[in-house]
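> This is a predicted model, with the sequence first.
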Amino acid sequence: MLGIPFVLIVIFVLVIWDGFVTVQQGTVAVVTVFGKYQRLLHSGLNFKIPFIERIFRRISVQNRAVELEFQAITIDQANVHFKAMLLYSVLDYQEETIKSVAFKFMSESDFLRALARSIEGGIRSFVATQKQAEILSLRKEIVEDVKRHLDPTLDQWGYHLIDLQLNDIAFDEEVTRSMAKVVASSNLRAAAENEGQALLITKTKAAEAEGNAIRIAAAAEREAAQLRGQGVALFRHEVARGMAEAAHEMQEAKLDTSLILFSMWTESLKHFAEQGRGNTIFLDGSADGMQHTLKQMMAMTQTDMNNKAGKEK
């Protein structure tokens, strides 16, 4: 008789034990009754009807990540290898959202397979419209295109794609080698163009400097020649004025003006002797030669005096 109450107590404890359910933080439990959705159990200690309500699935509402590796083909038939990281989560805590997550797919692995294939298909369709040289610069555009087309589908499944990162984009070895050659040749061409521009600038500046130097030298020479001419003209003017004044004084003193010419002749001989420095200078030192020279100088003086008198009239 004592065994029956003990058995009843054990059964009662088992029933009570089966009725209490603990749901982990960040997890939602889906409860069914005879295979039909009944309600949700949130995190913490919950109670369900023993042997009637069953935990169909525990769904994590935390962020989850998965890595993908696949390849795509560009419009110019180049194979592109992608390594991507997906970050996704349940859309929200709403009952309808959780029901979609729980019953749209047989298991979470089926959902991950569908998600991965959808992302691969979106990336392949985008890459198929681009050339290989453009792919590396289109990471952001690829991600935006995939999210734009995939978000409506994920909303129906009860999920949200938080982030898609393309961690690695690589080409086949032959394509990579050829692209490296193209980059190297482009760099060489750019270097040659820069070097040519630098050489052109150097030559141009040198030519400009040489031209400026020639112009400056020519201007200086022209100015020097002008100054020399002005000096010679001034010297001649002073000589003529001095001779005119001396002749005038000689006339007032009633002396022969030829003495002036004689004095100039002797002074010239003295200058030749002092400044000759060993050079040989041939002069006609005879009386006839001196007389001939004096007559020429007197004729020149007389001509200057006549010209001056004509101007004064």
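That came in fine, so what should we check first? Residues are numbered from 1 along each chain as shown.
> per-domain residue ranges of the protein.
15-60, 64-171, 189-252, 256-313 (automatic domain parsing).
> Straight-line length of stretch 19-26, end to end?
Its first and final residues considered, stretch 19-26 spans 21 Å by C-alpha to C-alpha, to the nearest Å.
> Quick one: closest of the domains of the chain to Arg177.
domain 64-171 (9.3 Å; C-beta to C-beta). C-beta: built from backbone N, CA, C; applies to glycine.
> List the residue ranges of the stretch 51-200 of the chain that fall below the pLDDT cut-off.
Scanning the stretch 51-200 of the chain for pLDDT under 70 picks out 175-176, 179-180.
> Just the helices from it, written as ranges.
95-103, 108-127, 132-135, 139-157, 173-252 (DSSP state H, counting those that start in this stretch).
> rewinding a little: to Ser178, which of the domains of the chain lies closest?
domain 64-171 (9.0 Å).
> Any idea how far apart the tips of the closest one sit?
29 Å.
> if we can go back for a sec, could you dump the helices of the stretch 51-200 of the chain to JSON lines with mean neighbour count and distance to Gln165?
Below are the helices of the stretch 51-200 of the chain laid out as JSON lines (neighbours: other C-beta atoms under 10 Å; distance: least, C-beta to C-beta, whole Å):
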{"stretch": "helix 95-103", "mean neighbour count": "17", "distance to Gln165": "23"}
{"stretch": "helix 108-127", "mean neighbour count": "17", "distance to Gln165": "11"}
{"stretch": "helix 132-135", "mean neighbour count": "17", "distance to Gln165": "16"}
{"stretch": "helix 139-157", "mean neighbour count": "15", "distance to Gln165": "8"}
{"stretch": "helix 173-252", "mean neighbour count": "11", "distance to Gln165": "22"}
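> CSV for these, including distance to Arg57?
Putting those into CSV (distance: least, C-beta to C-beta, whole Å) gives the following:
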stretch, distance to Arg57
helix 95-103, 5
helix 108-127, 9
helix 132-135, 40
helix 139-157, 14
helix 173-252, 45
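> before we move on, the earlier item: can I get the domains of the chain in TSV with distance to Leu8?
Output for those, formatted as TSV (distance: least, C-beta to C-beta, whole Å):
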stretch	distance to Leu8
domain 15-60	10
domain 64-171	36
domain 189-252	92
domain 256-313	154
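> Gln25 versus the most centrally placed residue in the chain, what's the distance?
What sits nearest the mean C-alpha location of the chain, by C-alpha atoms, centre = their mean, is Ala190, with 12.8 Å. Computed as C-beta to C-beta, to the nearest Å, the Ala190 to Gln25 distance reads 59 Å.
> what do you get for Val127?
41 Å.
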